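Novice: next come a sequence and a model predicted from it.
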Amino acid sequence: MATARVVIVGAGPAGIRCAETLVKAGFKPVLIDENRRDGGQIYRRQPEGFTRDYRALYGTEAAKARDLHESFERLRPHIDYRPDTLVWNLVPRQLSCVSQGHHTTVDFDALILCTGATDRLMPIEGWQLAGTYSLGGAQIALKSQAVSIGHRVVFMGSGPLLYLVASQYVKAGANVAAVLDTSPMSKRIVALPKMLARPGVLLTGMKLLAQLYQAKIPVHLGIKPELISGDATHGVSGVRVRSAKGETLDIDCDAVALGYHLRPETQLADLAGCRMRFDEASGQWWLALDEEGRTSVSGVYAAGDGAKIRGADAAEHAGRLVAMALLEDQQQPVDAGLRAEQRRALAVMDQFRVGLAQAFPWPAEQAGALPDSAIVCRCEMISAGELRRTVSEKGACEVNRAKAFSRVGMGRCQGRYCSQAGAEVIAAAAGVSVQQVGRQRGQAPVKPLPMVIIEEPT
Amino acid sequence: MSARFVRLAEQGRVTVGLTVDGVPIKALQGDTLMVALLTQGNALRQSEFDSGRRAGFCLMGACQDCWVWTRSGERLRACSNEVREGLDLVTTQPEATWPLHG
C-alpha cells in the first residue's frame, strides 16, 4: 500500500496524466488546481450550461480534449481533488493554499509541479491600452465564454498559437482585421527539417494558414511592430507596423491579441529551491530537470509546459513519465515498456520544439529598439526609459537589482508579463547577453492574496 | 460607452441581474464578470498609475488587471469569477490611489 503523501499542482494535461498513472499504482494523490474545472488552459472547459460540442471548441484537438476530460471524470473518485485553490507559498514539505478566502496548508512527501505556462509578451508602444489582450487570453474569451475580444481584431506576435487563435476567431464568425507575424518566411524554411519530426502537426499548421488565406484575412510575415494607437478613455483604435518590404501599415481595430509563444510558470519551483537553466533555443530560463522530470530538489518533480515548453501532447507524456519517476523513487514497480514509449514520444517532441523556436523566434532585438516612452511594466506604467536609467545611472545590470530600483517586475502581475522583456531591455542597455542579466526570482505569495483570509483548522 | 466584447454564440442562456456602480445590468448565466461588464461597456476599472481605463489582459488569472470589488469590499478577479444574481459590484478601488505617473 502506497503511503507517501503525493501532491500534484495543476489539473491540465500533465497533471491529469500524472494523477492517472499514480492512481493505477495505488496512490491517492492530492490534485490542487487554481481553475474551477479541470483541463488546464489548452483543454479548458466551458461553463456548465454551454452547448458547443467538442469539435466546435477544440477543432482538430477535439478527440484529445474529450479523452482527457473523460479520464479525469474516471479519476475523480480516486483522488483528493481541490479545484479553485491557489498554492501561494511553499516551505519544505508543505504548501500554503487559499481557496475562496480560506487558508489551508497541505503537507507532502513528494510534489509534482504541473503549473503550466502563460503567454510570453514583448511590449510595444501603446500595449497598455484597453483592448490589448494576450493571445492566450483572446483564445480563452472564445473557448470558455463564446465572445470575441473586439469588433475588429488584429492578431500580432509570433508562434503557432497566432494562427490557431486567428483561425478559430474566423471560424466562430469574428471579424479578424489582420494577422501580423514578426517571423519571416525564411526562418520557417530553415526550421523545416526539425519541424518534420511531427509532420501531422506541421500539416495542421499549414491548413490553418490556408484557411486564413481562403477567408481573405491579410497575413503579413516578417513585420516590425511599431505602435498600438488609441487613447486612455476609449482604448485601442489601431496598430502600426512596418512590413517586410519596409512600408508602413496602419490597420484600424479595437482589439489586439498579442503574444510570442509561451513562458513557464516556475515560481513554486523557485521557492522550493530548484535549480534553473538557460534554454538557448527559446532564450529563457527553464527548470533544470533530468529526462524524467526530477528537479534538483529531492522529492520535487515537474512536468508539462511549466517544466519545458513543448505543448499539450508532450505534457501528457511528461505527466506519465514523471509519475513513473516518482514511483521508482518510492521503490514501487514501474512499467518499463510504458516508460520507454513516453520517452520515445518526447524525444520527437523535443526536436519539434527546437524547430518551432527557430521558425517563430522570440524577437529579443525589439526590446533594445523600444522607444524610451514605451511602457514595459503595464501594471504600474513604468517605461523603457525609466528601466534603462537604472542601468545607466545606477549601474543595475542584474534583473532583481534593476527591479528594486525601477519596480519593473514588482507590480500586480509580479513580472509575468514584463520581466522577460525587461531583462532584454537591461541586457541591450548594458551591452551584455540576456543570460548574464539573470532572471527574476519567484516570491511568495506567488499571486496577490485577499486582504482578509480565514485560517482553517487543520 | 460602447461594448468591447462581442458575443458569437451561446446566447440562449438564462439572464442574471446584477448591479455595477449602482446601475442594474443583465448578464447571462455562466458569464464571467469580465464578459458581463465588457459586453455592455468598454472597460473594467481605472488604472491607479495613469489616466487609462483598463479592460483586463490575460483572462487566466495571471495578470491581475481585471480586479473589481463587491460593495462590501471583497476584491474579485473579473476573468475568473462568474456572475451571480444580485451581485453588487463597484469598479473603483476602495483603497488608496498612487500619484499618477507623468
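Specialist: Nice, thanks for sending it over. Since this is a predicted model, take the numbers as computed values, not measurements.

Novice: which stretches of chain B form strands?
Specialist: B:6-7, B:15-20, B:23-28, B:45-46, B:53-54, B:67-70, B:75-77, B:88-90 (DSSP state E).

Novice: for A:A312, which of the ones you listed is the nearest?
Specialist: strand B:75-77 (24.3 Å; CB to CB). C-beta coordinates here come from the backbone N, C-alpha and C atoms, glycine included.

Novice: list the helices and strands the closest one packs on?
Specialist: strand B:67-70 (3 or more CB pairs under 8 Å, 6 or more residues apart in numbering or on different chains; DSSP states H and E).

Novice: partner strands of the strand it packs on, parallel or antiparallel?
Specialist: Using DSSP bridges, the strands paired with strand B:67-70 in its sheet are strand B:75-77 (antiparallel), strand B:88-90 (antiparallel).

Novice: would you convert those into JSON lines that also reports mean neighbour count?
Specialist: Output for the strands paired with strand B:67-70, formatted as JSON lines (neighbours: other CB atoms under 10 Å in any protein chain shown):
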{"stretch": "strand B:75-77", "mean neighbour count": "19"}
{"stretch": "strand B:88-90", "mean neighbour count": "18"}
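
Novice: would you list these in JSON lines and tack on mean pLDDT?
Specialist: Formatted as JSON lines, the strands paired with strand B:67-70 follow (pLDDT from 0 to 100):
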{"stretch": "strand B:75-77", "mean pLDDT": "93"}
{"stretch": "strand B:88-90", "mean pLDDT": "95"}
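
Novice: next, count neighbours for whichever residue of the stretch 251-400 of chain A sits closest to chain B.
Specialist: Per CB to the nearest CB, the residue of the stretch 251-400 of chain A with the smallest distance to chain B is A:M381, at 4.1 Å. When counting by other CB atoms under 10 Å in any protein chain shown, one arrives at 21 neighbours for A:M381.

Novice: grab the nearest non-local neighbour of it.
Specialist: B:F49 (4.1 Å; CB to CB, 6 or more residues apart in numbering or on different chains).

Novice: state the mean pLDDT of the longest helix belonging to chain A.
Specialist: Taking DSSP state H as the criterion, chain A has its longest helix at helix A:336-359. Average pLDDT, helix A:336-359: 97.

Novice: show me where the stretch 51-200 of chain A has its helices.
Specialist: A:54-58, A:62-75, A:135-145, A:160-171, A:185-195, A:199-214 (DSSP state H, counting those that start in this stretch).

Novice: which residues touch the shortest one?
Specialist: By that I understand helix A:54-58. A:43, A:46, A:62-66, A:143, B:9 (CB atoms under 8 Å, 6 or more residues apart in numbering or on different chains).

Novice: for chain B, which spans come out with low pLDDT?
Specialist: B:1, B:95-102 (pLDDT under 70).

Novice: one more time with 50, if that's ok
Specialist: Low-confidence regions of chain B, defined by pLDDT under 50, span residues B:102.

Novice: below-threshold pLDDT in the stretch 1-150 of chain A: ranges please.
Specialist: In the stretch 1-150 of chain A (pLDDT under 50), the answer is A:1.

Novice: chain B contacts on that one?
Specialist: Contacts of the stretch 1-150 of chain A with chain B, taken as CB under 8 Å from any CB of the partner chain, map to A:34-36, A:41, A:46-52, A:56, A:101, A:118-119, A:128-134, A:136-138, A:140-142, A:144-150.

Novice: what subset of these is buried?
Specialist: Buried members of the residues of the stretch 1-150 of chain A next to chain B, scored by 16 or more other CB atoms under 10 Å in any protein chain shown, are A:34-35, A:41, A:46-47, A:50, A:56, A:118-119, A:128-134, A:136-138, A:140-142, A:144-150.

Novice: picking that back up, pick the most deeply packed of the strands of chain B.
Specialist: Comparing those by mean neighbour count (mean count of other CB atoms under 10 Å in any protein chain shown), strand B:53-54 comes out on top with a mean of 22.

Novice: what about the residue nearest to B:L33 when sequence neighbours are not counted, how many neighbours?
Specialist: Excluding its sequence neighbours, the residue lying closest to B:L33 (CB to CB, 6+ apart) is B:A78, at 4.0 Å. The local packing of B:A78 (other CB under 10 Å) involves 23 other residues.

Novice: OK, contacts around B:A78?
Specialist: B:32-34, B:37, B:44, B:56, B:66-68.

Novice: JSON lines please, covering the strands paired with strand B:67-70 and showing distance to B:A27.
Specialist: Formatted as JSON lines, the strands paired with strand B:67-70 follow (distance: least, CB to CB, whole Å):
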{"stretch": "strand B:75-77", "distance to B:A27": "14"}
{"stretch": "strand B:88-90", "distance to B:A27": "11"}
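
Novice: B:T19 is nearest to which of those strands?
Specialist: The nearest among these, by CB to CB, is strand B:88-90 at 4.7 Å.

Novice: rewinding a little: ranking the contacts of helix A:54-58 by neighbours, who comes first?
Specialist: A:Y43 (27 neighbours).

Novice: what distance do you get for it to A:V7?
Specialist: 21 Å (CB to CB, to the nearest Å).

Novice: before we move on, what about A:L209?
Specialist: Taking CB to CB, one finds A:L209 at 42 Å from A:V7.

Novice: more neighbours, these two?
Specialist: Legend: neighbour count by other CB under 10 Å for A:L209 and A:V7, higher for A:V7 (23 against 17).

Novice: helix or strand: which one has that one?
Specialist: For A:V7, the host element (DSSP states H and E) is strand A:6-9.

Novice: ok, and what's touching that strand?
Specialist: A:15, A:18-19, A:22, A:27, A:29-33, A:87, A:95, A:106, A:108-115, A:268, A:326.

Novice: okay, and which of these map to strands?
Specialist: A:30-32, A:87, A:95, A:106, A:110-113.

Novice: which strands and helices lie in contact with the helix or strand in which A:D250 is found?
Specialist: If you go by DSSP H and E, A:D250 is part of strand A:248-252. In terms of contacts (3+ CB pairs under 8 Å, 6+ apart), strand A:248-252 is packed against strand A:176-181, strand A:235-242.

Novice: tell me which of the ones you listed sits most buried.
Specialist: Most buried among the helices and strands packed on strand A:248-252, counting by mean count of other CB under 10 Å: strand A:176-181, with a mean of 24.
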